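Peer 1: Generate a structure from the sequence data that follows.
(2 chains)
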Amino acid sequence: MKPEDLDKDPIVDSSLSRPLLISSALLVLSLAWALYDEIYAMRPWKSYQKRFRETYATFLNNLIPNQAEMERRIKASPEYQALDRAMREAEQRVLADVRRIDEEINRKLTPQIMVLNEKFQELRMEIGALTYELEVASSEPEKQRLRERIARVKQREVTVALPEPDGSTRKVRYTFEQMDRDLRQWKDRKAALLQRRVELMAPAEELRRKRDQYLADRIPEVSSTVLAGLRRKLENFPIEIRQIHVRDVDLVDRCESCHLGIREPVVLTKAAMGGEAAFTSHPNRELLRIHDPERFGCTPCHNGNGIALTSVTKAHGYYKHWLWPLYKRENFEAGCQQCHAGEIITEMADTLNQGRELFRLRGCYGCHRYEGFDRDTEELAAVRQEIRQLEQQRAEFERQIQFTIEKGDRAQDNAEAQRLYQHADNLKLRISSINARIEQLDIRSRNLLREVKKIGPSLKEVRMKLRPEWLPVWIKDPHQYRPGTKMPTFRLDDEEVRAIAAFIWQSGVTGQLEKQPLGDPVRGKESFETRGCLGCHSIGEGAEQIGGTFAANLSRVGEKVNYDYLVRWIHDPRKRTLPYCPLERRDLTEEDYRKKGLPFVFDFENSRCPNDGHELVVQQMTPMPSLRLTLEESRDIASYLMTRRREGLTYAPAPYLEDPKLKARGEFLVRFYGCAGCHEIKGLEEEQRVGTELTHEGSKPIDRLDFALLTQKAKKEGWYNHKGFFERKLKDPAIFDLGKEKPDKLERLKMPNFHLTKQEIDALTTFLLGSVESTLPPRYFYNPTGAKRDIVEGWWIVRKYNCMGCHQMMVGQKTVFDTLPRYQEPDWKEQKPPSLIGEGARVNPEWLMKFLANPAMSATDTNRNGVRPYLRARMPTFYFSDGEIQKLVRFFEALSSQAQPYIPPRLETLTERERLMARQLFTSEGAPCLSCHATGDPAHDRRATAPNFLLAKERLKPGWTRRWLLDPAMIMPGTAMPSGLFTRQGDRWIFAGPLPPSFQGYEKDHADLLVRYMFQFTPDELSRLRAAGGSAVRGNAIAMNQRTR
Amino acid sequence: MRTKLSIVLAAGTAILLTGCAKKEEPARTEEAAPAAAPTAAAPVVDPATAATITGKVLFTGTKPVMRPISMDAVPACSRQHPTPPRSEEVVVNDNGTLRNVFVWVKAGLPDTQWPTPSEPVTLDQHTCIYKPRVIGVMTNQPIRILNSDPTNHNIHPLPKINREWNESQPPGGEPKIKSFARQEIMIPVKCNVHPWMRAYIGVVSHPFFSVTGADGTFTIKGLPPGEYTIEAWHERYGTQELKVAVGPKETKTADFTYKG
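Peer 2: Model (predicted):
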């Protein structure tokens, strides 16, 4: 071994400095990296916060001077100055007194009380300690000794140096009792002085409030003081994570680490915040107020990953591992659905409401179950179930009664027998409660049978209603014939179309149709456009289209329909050719009735099955109401509609419709495609749904949504999520068959194409995205009870019958009439059906009940409106069930915050003088009441444009009537009833026009007088009114004379 | 931090809420406050170069027969008419011109704020007829509405853009001062009590408009030189347009013709 080698002892010679250097360099680098990440890369919110601080400060700096300038201007105005001066003067007036009070309190009473109180407390504590010892002492001598000690302490005299207002001190000797007495006196004196001070200052304070209110009323947003406060707050703006932690859900939302302006009291727009959308304030403060973020957080409504802060993509949940990505703008109302499921209308969620309504109206629930949508059918099942349970319960109780009585008869002693007999009686009482409940449920189930509607028309009547050659054309592609129709386009080939058409045609019932003479199409057009048909139906194609989208577009109805049937349909849409017995599952014929010796009559009065007494379906299952038109007018409208056809269009004859060989194949296809989900079809009345349930489709695991061969594409293009699936499926329901080899056509996706617009797809996607099985705790859910429940329930009926086609029921809502060209004209504007906002406050619920059941308000004279005969548009008869009427009445009452049940307020009886005064006012030239309001006199009522006063007593509520008289535009902007009929004089309202002399010296409120007059109005009074001969009434007489001449 | 924020939020809300509290303001509607609007120093047209457009509105064809109005139902109205008055929907003057045509400069004016006249335009309800039937005002210019009849009227303008209102005016009632804030051609006015009554108000954002009278002529004065589109409006016969170019101090004639 060479000596050098020995020198090179690896322990001595080999150096670790290089690896050490490298690793320490690496360490330093990773530290730098970590620091960089910590400070910058992983903390993008820091830069957001810095930018927010700057932008917001600039924004406020710009705003404050403007705001201050505006306030300065307001403060310089004479009105403000006057208020300010009045306030100061009031302050001045009491200043001396207030000063004296303050002086006494601050310089004398308070310091003296303080000093004396200190000594007093010392003594009291000493006495307290001795008293405790006394209480726990065991021997009597000990107790006696302590009592004496206490007495001594109480007698001890203490010198107290009381500070005087002039700065000197006054030495006073006190015993405990004296101290107590003085303290009490001084405290009382202080309280009295403070009370006096408040009283003195009250007028000035009131004026100050008025002055500040004057300023606040004139500043659109927040005052410069608040702005300055916000600005100051920014001075100490910490750069930190801002999070909401909701403990009971263990929810952590750090969204506000970047969305810093969300809850600021000023409106921050993207433009105002330097183009940064993240800094805007929440667009709907009302929503934030209802859903306080401190209690609800952000992500329960918006989705996204509330904890993530490392990048915008992560925080918004737009990555593979986050299941609930932030809702996009077009779907953001999906967040409402999970807690507001079960509602058809949710305030402030228009897109979601549209989605729900599409789901309902387009009949999605005909194939797909969705909890809460098929309400009537589901309730019917539930009611029948409950009846069965109650009947079992009753039988059980009856059995028990029997046993109990027998046991009582054999009991050992009288007491035991008595107890058992009593028990038996108690069970009887419980049975009678059950009987009452069953009776109600029975009524309900009969109601429900009436309430169940179908999405599409009954196919049982096709033979009477349709031209045969039209049927296959329609089935092939309904949207070709009628773009936008509810009926979707199925993927059918000609063979299938023929088979389906043949089955439907051959399964149709036959019946007698009255032969109808032709009507006048010109008059018919006028009727069609003004009676209210357009509230639901539309007419005209493309840009020409007018009317509602609730029901069919009738532009080409003349090509398809049989005139005689159309007349019957318009005259009485609910008329059914044959009644259906749900028990026998078939349509009854005249034969069934004849066998029992009964006339072939079926309606709501005769609705029992002659064979088994079961409740029958006696009406068409359509929501279409009756407009109570005469046969003549029905013929006119039908004749007009028959002219609505494309000229020169011919349909190929379809002789195969009668081919019995096609029927079986057709029936199979009809079942397969689920036609009975929307239509009433003979033999398929009780068919089940063919589609998948969608109640929780939004939270279905993504791998259970079948993207099929498009999975890879979807992942690559970033739409492998619920939104992507729903949107594409709705746009083209067959899309996920793309590239698939399916030789058997029946294996293909069978969902038909609804030809939805982009906006409709967005709305439906919103609805489906929100349809999730929620993991939130129950307190998040909106499960209202009482009046709020009534509102939720009511909206379903409002949607079902499309009340909003004609009536405004929600603030901001437009009716179809608001969009019709004719109703833009001055004279037609007032022909719109009335707004129903505030209806519950307006009408007596008892009356409303009767009105809804019979809007003509007459059993015989039905060709008219009961309340507003002057409106061309008819309030139709919907044949509501009692249950629907109850729900609607409760709905209107609840919407207007009315207490239930309604107890009419007692109104002071009119004196004879008051009656005379009111009568004179009604008939004076100065009061226009009777010019417009109907009087029941046909000649006068031809010109009337407002309801009859005779209705007021039963129909209206006095409080509403008074508010209406004072300012009708407040309740119904644009009404024909003018405002300004009364003016304020002191604390009462007086009529604004010339008053009859009898009003001299009348001190009461004139509006009240008229309300009382109207609520004590009688037919006799109406004739007296006529006899009194007012301008309108006299004019009326003249008009009548002229007519008779 | 959060508590501070919520305090500010609460304070802000409180102030907003008090700001929203309704306040009574007797006898002053917001339409009736043109005087309060700042009359900014607007560019006045140089009188030395101001031009004029004038013309007639001619009527050709057969004069439609206007139906008589039956006021029998309201003696307070019919008393004032020995013979039933005729509807003034179409009034053809003796010289073959059309009355009650509203003519205004529809396009071509410089984009500027024109001063609003404080002088009110009067709309009278007399013999249960609006007089005049057609008036023009500038935006925010006061309209003085009188009731010279012994009966109650209500004035109910039915605008599509401006705010709608409907107010009662008793016989001998105070004149109403109203105005409209937005340009609108035309606002129909009706009286619900006397359904035959009808007037039209043209509201223009500048002062260049005119209504034809008994001689069927209109004159629009004080225009800055330029090229203009002028429009004529008639309640039955609709609108017509003309293009007119005027130089400094020039007076151009532009005639409209309506066919009956």
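
Peer 1: Distance of A:M917 relative to A:F600?
Peer 2: 61 Å (CB to CB, to the nearest Å). C-beta: built from backbone N, CA, C; applies to glycine.

Peer 1: what do you get for A:E54?
Peer 2: For A:E54, the distance to A:F600 equals 85 Å [CB to CB].

Peer 1: Identify the bridge partners of the most centrally placed residue in chain B.
Peer 2: The centre of chain B sits closest to B:I201, judged by CA atoms, centre = their mean, with a distance of 2.6 Å. Listed by DSSP bridges, the beta-bridge partners for B:I201 are B:I135, B:I187.

Peer 1: ok, it touching B:T139?
Peer 2: No. In this structure, B:I201 is not within contact of B:T139 by CB atoms under 8 Å, at 11.4 Å.

Peer 1: joint contacts of those two?
Peer 2: Common contacts of B:I201 and B:T139 (CB atoms under 8 Å, 6 or more residues apart in numbering or on different chains): B:F180.

Peer 1: Which residue would be the closest one in the stretch 1-150 of chain A to chain B?
Peer 2: Going by CB to the nearest CB, chain B is nearest to A:S77 of the stretch 1-150 of chain A, at 9.6 Å.

Peer 1: Then the stretch 301-450 of chain A?
Peer 2: A:G306 (15.9 Å).

Peer 1: Give me the distance between the closest residue to that residue other than its chain neighbours and A:D818.
Peer 2: Distances taken as CB to CB, 6 or more residues apart in numbering or on different chains put A:D253 closest to A:G306, at 3.6 Å, once the chain neighbours are dropped. Taking CB to CB as the measure, A:D253 falls 41 Å from A:D818.

Peer 1: what does A:W828 give?
Peer 2: With CB to CB as the criterion, A:W828 and A:D818 are 11 Å apart.

Peer 1: got it, and A:R799?
Peer 2: Distance, A:R799 to A:D818, by CB to CB: 18 Å.

Peer 1: Likewise for A:R868?
Peer 2: A:R868 is 18 Å from A:D818, by CB to CB.

Peer 1: higher neighbour count, the two?
Peer 2: For A:R868 versus A:D818, neighbours defined as other CB atoms under 10 Å in any protein chain shown are more numerous around A:R868 (21 against 12).

Peer 1: Does that one touch A:P834 like I think?
Peer 2: Yes. At 7.2 Å, A:R868 counts as touching A:P834 under the criterion of CB under 8 Å.

Peer 1: Enumerate every residue touching residue 214.
Peer 2: All of this is about chain A. Contacts of A:Y214 by CB under 8 Å, 6+ apart are A:I74, A:E79, A:Y80, A:L83, B:K23.

Peer 1: That was the other one, I meant chain B.
Peer 2: B:N93, B:R99.

Peer 1: how about a cut-off of 6 Å?
Peer 2: Contact analysis of B:A214 by CB atoms under 6 Å, 6 or more residues apart in numbering or on different chains lists B:N93.

Peer 1: quick one, phi psi at residue 97?
Peer 2: Defaulting to chain A. Note on A:D97: its backbone torsions stand at phi -60, psi -40 [degrees, to the nearest 10].

Peer 1: let's do chain B instead
Peer 2: phi -110, psi 170.

Peer 1: A:L768 now?
Peer 2: A:L768 adopts backbone torsions of phi -70, psi -40, taken as degrees, to the nearest 10.

Peer 1: What is the neighbour count of it?
Peer 2: A:L768: 27 surrounding residues under other CB under 10 Å.

Peer 1: ok, and what's touching the helix or strand hosting A:R1012?
Peer 2: Per DSSP states H and E, A:R1012 falls inside helix A:1006-1015. With contact meaning CB under 6 Å, 6+ apart, helix A:1006-1015 is reached by A:907, A:910, A:914, A:918, A:949, A:952-953, A:958, A:961-962, A:965-966, A:982, A:989-991.

Peer 1: roughly how far apart are A:L162 and A:R170?
Peer 2: A:L162 is 5 Å from A:R170, by CB to CB.

Peer 1: Same drill for the two, tell me which one is more crowded.
Peer 2: Counted by other CB under 10 Å, A:L162 and A:R170 do not tie: A:L162 has more neighbours, with 17 against 10.

Peer 1: Next, count neighbours for the nearest residue to A:L326 once chain neighbours are set aside.
Peer 2: Counting by CB to CB, 6+ apart, the nearest residue to A:L326 once its immediate chain neighbours are dropped is A:G304, at 3.6 Å. For A:G304, the neighbour count with other CB under 10 Å is 20.

Peer 1: Tell me which helix or strand A:G304 sits in.
Peer 2: Using DSSP H and E, A:G304 falls outside every helix and strand.

Peer 1: how far away is it from A:L260?
Peer 2: With distances taken as CB to CB, A:G304 is found 16 Å from A:L260.

Peer 1: What's the local residue count around the closest residue to chain B within the stretch 851-1000 of chain A?
Peer 2: Closest contact between the stretch 851-1000 of chain A and chain B, by CB to the nearest CB, is at A:G993 (2.9 Å). For A:G993, the count of nearby residues is 24 (other CB under 10 Å).
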